[in-house]
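Asks: Task: produce atomic coordinates for the following.
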Amino acid sequence: MLYSADGSRLFSCGTGKDGDSFLVEWNESEGAIKRTYSGFRKKSVGVEQFDTTQNHFLAVGEDHQIKFWNMDNNDILTSMDAEGGLPSLPRLRFNKEGNLLAVTTADNGIKILATTTGRRSVRVVEAPSFEALRSPIESAAIKNGVDPMARNMEKPKTLDDVTDKTKPWQLAEIIDPAQCRQVTMPDSMDAVNKVARLLYTNSGFDVLALGSNGIQKLWKWTRSEQNPGGKATANVVPQQWQPNSGLVMTNDVTGVNLEEAVPYIALSKNDSYVMSACGGKCYQEQLLIK
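Replies: Residues are numbered from 1 along each chain as shown. Predicted coordinates for the structure are as follows:
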């Protein structure tokens, strides 16, 4: 379940009791489905992951592909396989600007798809030109030493450009390990407490996780000499936030088979409220992190 970027529209994606997948928009005031999107195959092998961007587009990982919809149109806009190698139900996520899309691969890697604007923003930080970045890192040059996007640097106006087969989102490889850093959130490594859903707050300064046991945890980057702006960074370990009441943010999982439950989590635009569920009732909690 996800809101659009401006917080005005609510969407959910899942699999019904008959095994068919669905992607719908909700009318929150009436608690009813407003729009149902078409284009899924029958009898999914699991639950699809999806994301929204620019208050305009939806993307879903399904059938070894990435499928795109215009929010205002029930019919599928386009689909792509990102040059292959995707699992049956790839996980995916847009960046804040909507010009980069991270997608998981079948070999436990990640591809980053980019529009022309996305490629140009990466070049600003002197990253290699790419259509998709891969992880684990592989030492590989751009095919034949030719930048396939150099011929066309026009700024795309919308994601409708993906339907133009002459200007596909293009792929290349990360070739410098120094470009990658990692930081581990301090927490229990208990197998029954694995992260089921993970997202940044809309401010981009905090990370919110929903565990498979229904417990929600929030990590914040505090201001310090190493991080004076208090921004999310892999150079500084964040601190787990606890409410003044000491109460843990948790969902009721009484009578729920956690192995079969499909947890979900969504944030309001101003980061004040979080909506989540873990196989049971849907809860909305106030998230006082200001």
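Asks: what ranges do the helices span in the stretch 1-150 of the chain?
Replies: Using DSSP state H, counting those that start in this stretch, the helices of the stretch 1-150 of the chain run over residues 116-124.
Asks: Which residues are in contact with the residue most central in space within the chain?
Replies: The residue lying closest to the centre of the chain (Cα atoms, centre = their mean) is residue 93, at 2.6 Å. Neighbouring residues of residue 93 by Cβ atoms under 8 Å, 6 or more residues apart in numbering: 51, 101, 102. For the C-beta atoms, the positions are set from N, CA and C on the backbone; glycine is no exception.
Asks: Can I get the residues you listed in CSV including distance to residue 272, neighbour count and pLDDT?
Replies: Shown next, in CSV, are the contacts of residue 93 (distance: Cβ to Cβ, whole Å; neighbours: other Cβ atoms under 10 Å; pLDDT from 0 to 100):
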residue, distance to residue 272, neighbour count, pLDDT
51, 21, 20, 93
101, 27, 25, 89
102, 27, 18, 90
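Asks: Between these, which sits nearest residue 201?
Replies: Nearest to residue 201 among the contacts of residue 93: residue 51, at 15.5 Å, using Cβ to Cβ.
Asks: Which strand residues bridge the residue nearest to the centre of the chain?
Replies: Beta-bridge partners recorded for residue 93 (DSSP bridges): residue 102.
Asks: likewise residue 78?
Replies: Under the criterion used (DSSP bridges), residue 78 bridges to residue 68.
Asks: What is the neighbour count of it?
Replies: Number of residues near residue 78 (other Cβ atoms under 10 Å) recorded here: 18.
Asks: I'd like the distance from it to residue 200, if you could.
Replies: In this view, residue 78 and residue 200 are 27 Å apart by Cβ to Cβ, to the nearest Å.
Asks: Can you check the pLDDT for the residue nearest to the centre of the chain?
Replies: Model confidence at residue 93, given as pLDDT, is 91.
Asks: What distance do you get for it to residue 17?
Replies: As judged by Cβ to Cβ, residue 93 and residue 17 stand 28 Å apart.
Asks: same question, residue 202
Replies: Here residue 202 is placed at a distance of 33 Å from residue 17 (Cβ to Cβ).
Asks: from memory residue 227 sits against residue 236, does it?
Replies: Yes. At 4.5 Å, residue 227 counts as touching residue 236 under the criterion of Cβ atoms under 8 Å.
Asks: Find residues that contact each of the two.
Replies: Here residue 227 and residue 236 share the contacting residues residue 221, scored by Cβ under 8 Å, 6+ apart.
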